[in-house]
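**Q** starting from these lines, generate the structure:
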Amino acid sequence: MPYELFIALRYLRARRRQTAVSVITAIAVAGITAGVAALIVAQALATGFREEVQGKILGGTAHLNLLKPDNSGIENYRELTTVIRQVPGVRAASATIYEPVLISAGDRQEQAIIKGVDPDSAGKDEANELFATTIEGNPADLDLRAGDQPSEGQNNAPPGARGSGPSETLSGIIPGRELARALGVRRGDVVTIFSARTRLTPIGPAPRYARFRVVGIFSAGLYEYDSKWAYVSLGAAQRLTGGGDTAGVIQMKVDDIDAVREISGRVLAAVGPGFMTTNWQELNRPLFAALKLQQKVIVVFFLLLIAIAALNIITTLTMMVIEKQRDIAILRAQGATPRAIRRIFMLQGVVIGVVGGATGIALGLALGWLANTYRLISIPPEIYSVSHIPVRIRLVECLGVALLAVIISFLATIYPARSAARTPPVEVLRYE
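**A** Numbers count the residues shown, from 1 in each chain. Sure thing, here's the model as predicted:
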């Protein structure tokens, strides 16, 4: 062991005459530990929240969408879907329709967005997230027969009735869990959907509406979707909107979500002019930009906390330089260079940083395990879209935080170490 490190470790050990210095040293180590653990947990929470939201968004929506710039219907969607499935990088594709509606059940009404599911698309379990998020019922129970016409006023039952006659054939609907709760409906209940589109009647324009039977409930885990979305068959959505045999969007799942821009170019080249694409990054750019900024602010804040804790190192080493002037003078008289004296006190600060960083990592890992095991970080889902934040700790981030703590601790030793190296041995020993 280099004698500079040996002496540095000896100085850090508790002695009766150095009680104050030892206490301040312990406080410095505890401060570094707390700062490192706090930064690790904060980063893990930010990472966990971002990944949780991203996973919910990608699980509830498409990775890539093909549509027309004027949002007009895609008439040849079947042929285009077949072509798109052959594009490298596209895992699945399916046509769909999005339509804002008003859903009525008894005396309750809720605004929502219905999404038409194409039951005939190949790989529908991958292309349509409904097949993965349904928690009650079966998506196959949606009324998919082309001959089934939704009611547009021909029924004797009034709109919004909770039940229907045994001979009445209705298309199926699968609302989100929170939407079903707000409407107070369960499987088997009947709801009425009013579209913003109108149809011409003898007394003038009237809103298009249709009655649907609840055949299931889905939960994507994202409050925004679970409280505002409902799924119907593509045919039922076409009949409700009155747009004919067209689709509004062709949605796609891709193999690599980070390469969605390159895949978008291939899709546009395959389908020809007259179309545009939107991807999950573009649709959610403000959200992920805000989350990224939040993580940067968290890192800066807790690095300042570590820097404040490192001020204790300056205090510790400064007091130690004052108490150890006789030892420093003796070392200099025995041949120790100013550089060696400087190294002794710098090593003390580095040791404090290493010990604090190591214990901080251990504490951060323990806190992360407890938070994940007992789900300690619960938040209101109606505000943050998710009910629980998982703590995602990454080894690289832990090591990076510990390294920053050691660097900050090293920088805190520069002034005390220089003061120790400038101690004149003759002046000190003259009075001993």
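
**Q** what is the least confident helix or strand in the protein?
**A** Among the helices and strands of the chain, helix 124-127 carries the lowest confidence by mean pLDDT, DSSP states H and E, at a mean of 59.

**Q** following it, which helix or strand comes up?
**A** With elements assigned by DSSP states H and E, the helix or strand that comes after helix 124-127 is helix 130-133.

**Q** enumerate the positions of the following helix or strand past that following helix that are buried.
**A** Where DSSP H and E defines the elements, the next helix or strand beyond helix 130-133 is strand 134-137. Residues of strand 134-137 classed as buried by neighbour count (16 or more other Cβ atoms under 10 Å): Thr134, Gly137. All C-beta atoms are positioned from the backbone trio N, CA, C, and that covers glycine.

**Q** so Ile103 versus Gln334, what's the distance?
**A** From Ile103 over to Gln334 the distance is 88 Å, taken as Cβ to Cβ, to the nearest Å.

**Q** next: Glu262.
**A** Counting by Cβ to Cβ - Glu262 and Gln334 are separated by 68 Å.

**Q** can you name the next helix or strand after the longest helix along the chain?
**A** Counting residues, the longest helix in the chain under DSSP state H turns out to be helix 19-60. Using DSSP H and E, the helix or strand that directly follows helix 19-60 along the chain is strand 64-67.

**Q** got the contact list for the helix or strand just after that following strand?
**A** Downstream of strand 64-67, the next assigned helix or strand under DSSP H and E is helix 77-85. Here helix 77-85 makes contact (Cβ atoms under 8 Å, 6 or more residues apart in numbering) with 66, 74, 90, 92-95, 121-123, 246-247, 250, 252, 267, 270-271.

**Q** again, but for stretch 370-383
**A** Residues beyond stretch 370-383 that count as contacts (Cβ under 8 Å, 6+ apart) turn out to be Val41, Leu45, Tyr223, Ser227, Val386, Ser387, His388, Ile389, Pro390, Val391.

**Q** now that stretch: average pLDDT?
**A** Average pLDDT, stretch 370-383: 86.

**Q** now it, how far from the centre of its chain.
**A** From the chain centre to the centre of stretch 370-383 is a distance of 14 Å (Cα atoms, centre = their mean, to the nearest Å).

**Q** what comes up buried for that stretch?
**A** Buried-residue list, stretch 370-383, by 16+ other Cβ under 10 Å: Ala371, Asn372, Pro381.

**Q** for stretch 298-317, same thing?
**A** Those buried within stretch 298-317 under the rule 16+ other Cβ under 10 Å are 298-299, 302-303, 305-307, 309-310, 312-317.

**Q** do the same with stretch 391-400
**A** Val391, Arg392, Ile393, Glu397, Cys398.

**Q** and for the residue nearest to the last one when sequence neighbours are not counted, the neighbour number?
**A** Spatial nearest neighbour of Cys398, chain neighbours left out: Ile361 (5.0 Å); criterion: Cβ to Cβ, 6 or more residues apart in numbering. Residues contacting Ile361 under the criterion other Cβ atoms under 10 Å number 21.
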